[in-house]
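Student: Here you go, sequence then predicted model.
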Amino acid sequence: MFELRGVQFKGILHIPDLEIEEGAVTSIVGSSGSGKTTLLRMLNKMISPDRGTIYWQSRDLADLDAVDLRRQVVMLGQRPVIFPGTVADNLQLGRQLADQASAEEGALRQVLAQVALDKALEESAKDLSGGEGQRLALGRILLMDPAVYLLDEPSSALDEQTAVEVIGALVRQVRAKGKTLVMVTHAPAIAESYSDRIISLEHGRVKACRELAHG
Ligand SMILES: Nc1ncnc2c1ncn2[C@@H]1O[C@H](COP(=O)(O)OP(=O)(O)OP(=O)(O)O)[C@@H](O)[C@H]1O
């Protein structure tokens, strides 16, 4: 689905050759500063390589409109943005930005359950804790249901049990619908349990790619 050929960015990333498979769960691991977020941000054109080419579905990202691309390749950053308004408003916002029809109330409730967020739809989102905000933002993306999910440390503000519950539900949805998930994670248990493939970065280079049989 993604192919990186001869990619370089500011001495931070050097990736001669890398493919990320469609319909698979790929984890990117590596120490702090190894370039994981930079790689993820390249995949939805938040940044572009100084050299080399990134293809998405055989098309050069350089030729694609970034806004169109981000309707299908959606990134959840490390510090998700929570907007003024209610929990429901925050969930609907992603669909609005992607020009999708508003979701039914039942779908909103279902997504809150999926991300284990025990809040009323009409509650204000401004007082949510960091972990709750992260789950709300994840719910926003689940509701958009893009072709590609790019998640930067989606479990970093969650306790271990909630992380397993929430990431487990996300991976089930992604697999059931044949979507593609690429996540940066510092949690070895999450990477080992859910990935088809683990890419390890070190100093901006791919140190290892490991396929996991169980997926
Ligand atoms: N646009 C940029 N311009 C210059 N340097 C950058 C840019 N983006 C990131 N960096 C630097 O590149 C290095 C890699 O950053 P990146 O955020 O990709 O690391 P990471 O592996 O995701 O780290 P962490 O696990 O701490 O989130 C860091 O030293 C960072 O300061």
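Tutor: Perfect, thanks for sending it. Numbers count the residues shown, from 1 in each chain.
Student: what's the pLDDT at Q100?
Tutor: What the model reports as pLDDT for Q100 is 87.
Student: Kindly report the same for the one 10 residues further on.
Tutor: For Q110, the pLDDT comes out at 94.
Student: Any figure for the gap between it and the ligand?
Tutor: According to C-beta to the nearest ligand atom, to the nearest Å, Q110 stands 31 Å off from the ligand. The C-beta positions use only the backbone N, C-alpha and C, and glycine is treated the same way.
Student: how distant is the host helix or strand of that residue from the center of its chain?
Tutor: Assigned by DSSP states H and E, Q110 falls within helix 105-114. From the chain centre to the centre of helix 105-114 is a distance of 19 Å (C-alpha atoms, centre = their mean, to the nearest Å).
Student: May I see the buried residues of it?
Tutor: L108, V111, L112, Q114 (16 or more other C-beta atoms under 10 Å).
Student: cool, and stretch 183-194?
Tutor: Result for stretch 183-194 [16+ other C-beta under 10 Å]: buried residues M183, V184, T185, A187, I190, A191, S193, Y194.
Student: mind checking the SS state of the spatially closest residue to R140 that is not a sequence neighbour?
Tutor: The spatial neighbour of R140 that comes closest, neighbours along the chain excluded (C-beta to C-beta, 6 or more residues apart in numbering), is G94 at 4.1 Å. For G94, the assignment made with DSSP: H, G, I helix; E, B strand; the rest coil gives helix.
Student: G94: neighbouring residues, count only.
Tutor: The local packing of G94 (other C-beta atoms under 10 Å) involves 22 other residues.
Student: contacting residues for L181?
Tutor: A24, V25, T26, V148, Y149, L151, L170, V171, V174 (C-beta atoms under 8 Å, 6 or more residues apart in numbering).
Student: Which helix or which strand is home to it?
Tutor: L181 belongs to strand 180-184, assigned by DSSP H and E.
Student: what lines up beside that strand in the sheet?
Tutor: Strand pairing for strand 180-184, using DSSP bridges, gives strand 25-30 (parallel), strand 148-152 (parallel).
Student: Show me how far it is from its chain's centre.
Tutor: The chain centre lies 5 Å from the centre of strand 180-184; the measure is C-alpha atoms, centre = their mean.
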